[in-house]
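Chemist: Please work out how this folds:
(one chain, ligands or ions: 1)
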Amino acid sequence: MEADLKPTYNQFASDNYAGICPEAWGAMQEANSGFVPSYGDDLWTERACEHLRQVFETECQVFFVFNGTAANSLALASLCRSYHSVICHELAHAETDECGAPEFFSNGTKLLHVNGPDGKFDLAEVERIITRRSDIHYPRPKVLSLTQATEVGTVYTPDEIGAASELAKRHGLRVQMDGARFANAVVALNVAPAELTWRAGVDVLCLGGAKNGMAVGEAVVFFDRELAHEFDYRCKQAGQLASKMRFISAPWIGMLEGGAWLNNARHANGCAALLEQHLAAIDGIRIMYPRQANSVFVEMPEAVAAALRQAGWHFYSFIGSGGARFMCSWQTTERDVLQLSEAVRTASSAAGRAPGGTV
Ligand SMILES: *Cc1c(COP(=O)(O)O)cnc(C)c1O
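Modeler: Residues are numbered from 1 along each chain as shown. This next block holds a predicted model:
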């Protein structure tokens, strides 16, 4: 009865529109018994860190924070002094979607952005930015930040990460990875998490939990443990030290121990692949980037986008006129995908029939 009363919400806006997956929910519930020490001094947190060490096959140091903006900002701030700079892609979340938090938490470290196709760096451009100046008037490049999977749903291969890291290290830069959708990249590439991180030269990973199926929380994973020095103070000062830490850390155990983190990502990527297949077959719809993770970006006539919104579909448009992002999550169903595909098909043929229609 209650289910009948729930409005259906047709959305491909973001993977953070999804709820909490059963594995994360179950672990949270399991952790909800009795008194447990606060601020991360508990067995749940210890076990979650141990799981992450197993997943990454190394003695990394792990911190849990509330969200990705904090994870990126604090990780970048810990790698820089205020007069340094961070090089990232012009579409990087740290550059476009964190409201200046990296600059704020680092007391002024500047983000320098570079271009490159498909949401990925052009390494020659990165090198040009690093080497174009060495005088005292230029904020000294100190970190290369890359996003995996990227903001446009593509992935860096281990070789590409290795080449970027090699370039960074050659010039004395550290490498940070924004892994809000890291699990989607692991599944897309079918390689061990270690191959995409420390074995390819990544020093710090901000590992996403929320978009993968958790309620809240991201893990900051330091592969170079020396870089983690006093990071706990930084978290506390930034208001990112949860007093009831077990409820942020326990879900990681639930996600990692039976492989739910990868199953969720595989499901989301699969939905995006199916959606891509359907949308690519519709006249007037153009797929904008290689679909490698859990999102599909399409260019479509403005009338089609308007008709979809009118029909109640939610999605983001952010690149140019008509560009739309359709994002899949662990909770997206094949039915959702087919319904959206059908809605796009209907809107497209209606737009094509309209006076002046271009389809
Ligand atoms: C969502 C996202 C984040 C984290 O965002 P919060 O809303 O702060 O949790 C970081 N990087 C990328 C690429 C993202 O898509």
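Chemist: In the protein, what residue lies closest to the ligand?
Modeler: Nearest residue of the chain to the ligand: G68, at 2.1 Å (Cβ to the nearest ligand atom). Backbone N, C-alpha and C define where each C-beta goes, glycine included.
Chemist: Mind jotting down where the strands sit in this structure?
Modeler: Ranges of strands in the chain, per DSSP state E, are 61-65, 84-89, 110-114, 140-147, 174-179, 204-207, 218-222, 286-287, 295-299, 323-327.
Chemist: Could you list every helix and strand in contact with the first one?
Modeler: I take that to be strand 61-65. helix 43-56, strand 218-222, helix 231-237, helix 246-257 (3 or more Cβ pairs under 8 Å, 6 or more residues apart in numbering; DSSP states H and E).
Chemist: Sheet-wise, list the partners of the shortest one with their directions.
Modeler: Sheet pairing here is set by DSSP bridges, and for strand 218-222 it gives strand 61-65 (antiparallel), strand 204-207 (antiparallel).
Chemist: Report the mean per-residue pLDDT for the last one.
Modeler: Put plainly, it is strand 204-207. Strand 204-207 shows a mean pLDDT of 98.
Chemist: For it, which outside residues touch it?
Modeler: Identification of contacts with strand 204-207 by Cβ atoms under 8 Å, 6 or more residues apart in numbering yields 52, 68, 71-72, 75, 78-79, 174-180, 182, 197, 218-224, 227.
Chemist: next one: the first one
Modeler: The set of residues that contact strand 61-65 without belonging to it, under Cβ under 8 Å, 6+ apart, is 40, 45, 48-49, 52-53, 71, 74, 217-222, 225, 228, 231-232, 235, 240, 242, 245, 248-249, 252.
Chemist: Narrow the residues you listed to those that are buried.
Modeler: Among the contacts of strand 61-65, those classed as buried by 16 or more other Cβ atoms under 10 Å are 40, 45, 48-49, 52, 71, 74, 217-222, 228, 231, 235, 240, 242, 245, 248-249, 252.
Chemist: Also within reach of the ligand: list those from the residues you listed.
Modeler: Restricting the buried ones among the contacts of strand 61-65 to those touching the ligand (Cβ under 6 Å from any ligand atom) yields no residues.
Chemist: still on that earlier bit, and the residue of the chain closest to the ligand, how many residues sit next to it?
Modeler: Residues near G68, counting by other Cβ atoms under 10 Å, number 25.
Chemist: What separation do you get for it and I129?
Modeler: Taking Cβ to Cβ, to the nearest Å as the measure, G68 falls 24 Å from I129.
Chemist: quick one, what contacts the most centrally placed residue in the chain?
Modeler: Central residue of the chain (Cα atoms, centre = their mean): A180, 2.4 Å from the mean position. Listed by Cβ under 8 Å, 6+ apart, the contact set of A180 reads G68, H93, T147, C206, G208, K211, E218.
Chemist: now it: how far from S295?
Modeler: A180 sits 12 Å away from S295 when distances are taken as Cβ to Cβ.
Chemist: Can you name the residues of the stretch 51-200 of the chain sitting close to the ligand?
Modeler: N67, G68, T69, N72, H93, T147, E151, D178, A180.
Chemist: and the third one, what is it in contact with?
Modeler: For T69, the contacting residues are H93, D97, E98, C99, A101, taking Cβ under 8 Å, 6+ apart as the criterion.
Chemist: Now with 7 Å, please.
Modeler: Contacts for T69 (Cβ atoms under 7 Å, 6 or more residues apart in numbering) come out as E98, A101.
Chemist: R246 against D41, yeah?
Modeler: No: between R246 and D41 there is no contact under Cβ atoms under 7 Å: 9.8 Å.
Chemist: More neighbours: these two, which one.
Modeler: Remark: of R246 and D41, R246 carries more neighbours, 23 against 11, as counted by other Cβ under 10 Å.
Chemist: what's near enough to touch that one?
Modeler: Contact analysis of R246 by Cβ under 7 Å, 6+ apart lists A31, V36, D42, W44, T45.
Chemist: how far away is the residue nearest to it when sequence neighbours are not counted from H278?
Modeler: The spatial neighbour of R246 that comes closest, neighbours along the chain excluded (Cβ to Cβ, 6 or more residues apart in numbering), is W44 at 4.1 Å. Between W44 and H278 the distance is 42 Å, computed by Cβ to Cβ.
Chemist: One more: K110?
Modeler: K110 is 43 Å from H278, where distance means Cβ to Cβ.
Chemist: what does A215 give?
Modeler: The spacing between A215 and H278, counted by Cβ to Cβ, is 31 Å.
Chemist: Repeat that for V344.
Modeler: Taking Cβ to Cβ, one finds V344 at 8 Å from H278.
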